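*Asks:* What follows is a protein structure lacking sequence information:
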């Protein structure tokens with residue numbers, strides 16, 4: 001697993017699969033998740049968009065088929081979720 005520690009990441013597409021973020025601040029990024037493990041510790045994000053691809057997209061589609069809704073916690077942050 002890749003470790004990213006103490007970084008400020010801004011304005012980019014960020015593939016998060018197989019990554020451990022520790023003490024980071026992520027701002028105005030497109031967070032792309034494909035279904036692999038990802039860990040967040042002491043990491044914040046603001047004004048980010050989330051895109052689910054590959055297995056992550058399949059998981060969300062199955063959950064939606066069961067009637068679940070994608071409602072991310074926003075804690076005052078602007079969040080946009082896209083499913084491909």
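*Replies:* Looks like it came in fine. Quick caveat: nothing in here was measured; it's all calculated off a predicted structure.
*Asks:* drop to CA atoms for contacts and neighbour counts, all remaining ones
*Replies:* Fine.
*Asks:* What about residue 18, how many residues nearby?
*Replies:* 16 (other C-alpha atoms under 10 Å).
*Asks:* Count the residues that sit near residue 67.
*Replies:* Applying other C-alpha under 10 Å, we find 9 residues neighbouring residue 67.
*Asks:* which ones are touching the closest residue to residue 42 other than its chain neighbours?
*Replies:* Closest residue in space to residue 42, ignoring its immediate chain neighbours: residue 23 at 4.6 Å, by C-alpha to C-alpha, 6 or more residues apart in numbering. Contact analysis of residue 23 by C-alpha atoms under 8 Å, 6 or more residues apart in numbering lists 5-7, 41-44.
*Asks:* Which element, helix or strand, includes the spatially most central residue of the chain?
*Replies:* Nearest residue to the geometric centre of the chain (C-alpha atoms, centre = their mean): residue 31, 4.5 Å. Applying DSSP states H and E as the criterion places residue 31 in strand 30-33.
*Asks:* That strand pairs with which strands, and in what direction?
*Replies:* Applying DSSP bridges, strand 30-33 is found paired with strand 13-15 (parallel), strand 48-52 (parallel).
*Asks:* Work out the sheet partners of the helix or strand following the shortest one and label each with its direction, please.
*Replies:* Proceeding C-terminally, strand 13-15 gives way to strand 19-22 as the next helix or strand, assigned by DSSP H and E. For strand 19-22, the paired strands and their directions (DSSP bridges) are strand 2-5 (parallel), strand 38-41 (parallel).
*Asks:* List the neighbours of strand 19-22 that are in contact with it.
*Replies:* So strand 19-22 is in contact with 1-6, 37-43, going by C-alpha under 8 Å, 6+ apart.
*Asks:* looking at those residues, which has the most residues close by?
*Replies:* residue 43 (17 neighbours).
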